[in-house]
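Enquirer: this is a predicted model, with the sequence first.
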Amino acid sequence: MVDKDPRWIEEIRSGLLGWYDEAGRKLPWRADRDSYRILVSEFMLVQTTVAAVIPYFERFLRRFPDARALAEADTADVLKAWEGLGYYRRARQLQAAARQIVEGHGGTIPDDPEAVRSLPGVGPYIAGAVLSFAFDRPEPIVEANSQRVLARLIAMGDDPKSTPARRRIWEAAARLVPPVRAGDFNQAMMDLGAMICTPREPSCLVCPLSRFCSARRQGLQDAIPRATPRRAPELVGEACAVVRDRGRLLVVRRGPGRLWTDFWEFPTIHVSGPDPAGRSLGSAVYLTEGVRRLAGVDAAIGPVSATIRFGVTRYRVTMEASLGEAKPGSPGPTPGHGLIEARWIEPETLTSLTFSSASRRLIAKLGLVSEASG
Ligand code: SF4
């Protein structure tokens, strides 16, 4: 195993750190070694690109400048600040971590591996990132970029998602992380993966590690890591009703234990499972019954007015929206199964409530936002 060779390890460390000093990315959360800023950035970067995170990060830090501000905030405000980033469970976990930091550590993330690892939502990667970036502890990290670089450096041809391969990569990361400048080294590994050792057509000719790279030596850099076959997405059909009553709009709020807990939406029904083809999405009959069941309102529902498509985890969702009018004398609104609130709102209030990005697209597509401002 090449990563047991001390000379090889030394070459990788010095080559990578030298390159990082010249070419490493200047990112907002690297401006200092503030552990809270690093924690926030790492929660945001889960499943999201650096470019997408930067504006959110800066806004979020202005709103919640330290762990205490985040811990004491209303969760609805935290979700609102996170709106559009997706993976909202991360926002809740981050706030739970902030509360633990305040209650258990006086508001400052401690330089203590056990304490960092015990924070809600903190797995091996985020723990290693906080401990090495903020405190320079020689803790390894493995995320998508560094995993690819490491797999190529040691020419590991196994499926990178398999348990033995994961273990092997973490072992290599642990051997390589240096006792000094551990944080810089880990960030350099990520930067090399993002800028040079890219998923397709890695730029080996300008790579600072090319002389020591086993995949490159064997001409395997394009074949490693081995691609894992993707599961076909499951197709799902949903229909929602935008019901009005004298200009007001009917909205409902999701209850706990479901995707998008606490988020607002228009009453929405699931219409079809894995294959919605051939079914009658947005059927007025389904929706009329659904609006009564979900919000306790009797409404006359019109034809489909807008369609959007979006992905959630492994699902591809087709959502069809229909406009409707509450019938005179209708009861409600009253929240139905799985919902904690149902109410009429003025259109201008739409932007102050937290909707999923798919719902916000729908709002824009139906012109409800310009209606609100106009
Ligand atoms: S030589 Fe090529 S494959 Fe190896 S680490 Fe550098 S860019 Fe990646």
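Expert: The structure has been received and is ready for your questions. Note that the structure is predicted; figures quoted are calculated from it, not measured.
Enquirer: element containing the residue of the stretch 1-150 of the chain found nearest the ligand, please.
Expert: Taking CB to the nearest ligand atom, the ligand has its nearest neighbour within the stretch 1-150 of the chain at Val149, 5.3 Å off. Just so you know, the C-beta spots here come from the backbone N, C-alpha and C atoms, and that holds for glycine as well. In the assignment (DSSP states H and E), Val149 maps to helix 144-153.
Enquirer: just Val243 next, same as before
Expert: Counting by DSSP H and E, Val243 is part of strand 234-245.
Enquirer: quick one on the thing from earlier: if you count neighbours, what's buried in the helix holding Val149?
Expert: 145-153 (16 or more other CB atoms under 10 Å).
Enquirer: from the contact counts, what lies against it?
Expert: The helices and strands touching helix 144-153, judged by 3 or more CB pairs under 8 Å, 6 or more residues apart in numbering; DSSP states H and E, are helix 163-176, helix 182-195, helix 214-217.
Enquirer: just the buried positions in the first one, please.
Expert: Neighbour-count burial for helix 163-176, counted by 16+ other CB under 10 Å, picks out 165, 168-173, 175-176.
Enquirer: with adjacent residues omitted, what lies nearest to Gln221?
Expert: Leaving aside its sequence neighbours, Gln221 sits nearest to Ala215 (CB to CB, 6 or more residues apart in numbering; 4.6 Å).
Enquirer: wait, that neighbour touches Ala155, no?
Expert: Yes: between Ala215 and Ala155 there is a contact at 4.6 Å, judged by CB atoms under 8 Å.
Enquirer: is the residue of the stretch 1-150 of the chain closest to the ligand in contact with Asn186, as I believe?
Expert: No: between Val149 and Asn186 there is no contact under CB under 8 Å: 11.2 Å.
Enquirer: right, and the helices and strands packed on helix 144-153 - which one's nearest the ligand?
Expert: helix 214-217 (3.8 Å).
Enquirer: and the contacts of the closest one?
Expert: With CB atoms under 8 Å, 6 or more residues apart in numbering as the test, helix 214-217 has contacts from 2, 151-155, 204, 207, 210, 221, 223-224.
Enquirer: rerun that using 7 Å as the cut-off
Expert: 2, 152-155, 204, 210, 221, 224 (CB atoms under 7 Å, 6 or more residues apart in numbering).
Enquirer: would you turn those residues into CSV with pLDDT?
Expert: Shown next, in CSV, are those (pLDDT from 0 to 100):
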residue, pLDDT
Val2, 87
Arg152, 97
Leu153, 97
Ile154, 97
Ala155, 96
Cys204, 97
Ser210, 97
Gln221, 96
Ile224, 95
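Enquirer: please pick the buried ones from the residues you listed.
Expert: 152-155, 204, 210, 221, 224.
Enquirer: and the furthest pair within those?
Expert: Ile154 and Cys204 (15.5 Å; CB to CB).
Enquirer: what does the stretch 1-150 of the chain put close to the ligand?
Expert: For the stretch 1-150 of the chain, the contact set with the ligand under CB under 6 Å from any ligand atom comprises Val149.
Enquirer: quick one: low-confidence ranges for the stretch 1-150 of the chain?
Expert: Low-confidence segments of the stretch 1-150 of the chain, defined by pLDDT under 70: none present.
Enquirer: same check, this time on the stretch 201-350 of the chain
Expert: 273-284.
Enquirer: what does it have sitting close to the ligand?
Expert: Close to the ligand, as judged by CB under 6 Å from any ligand atom, the stretch 201-350 of the chain has residues 202-204, 207, 209-210, 213, 215-216, 221.
Enquirer: would you mind measuring the gap between the ends of stretch 172-184?
Expert: Stretch 172-184 has its terminal residues 17 Å apart, counting by CA to CA, to the nearest Å.
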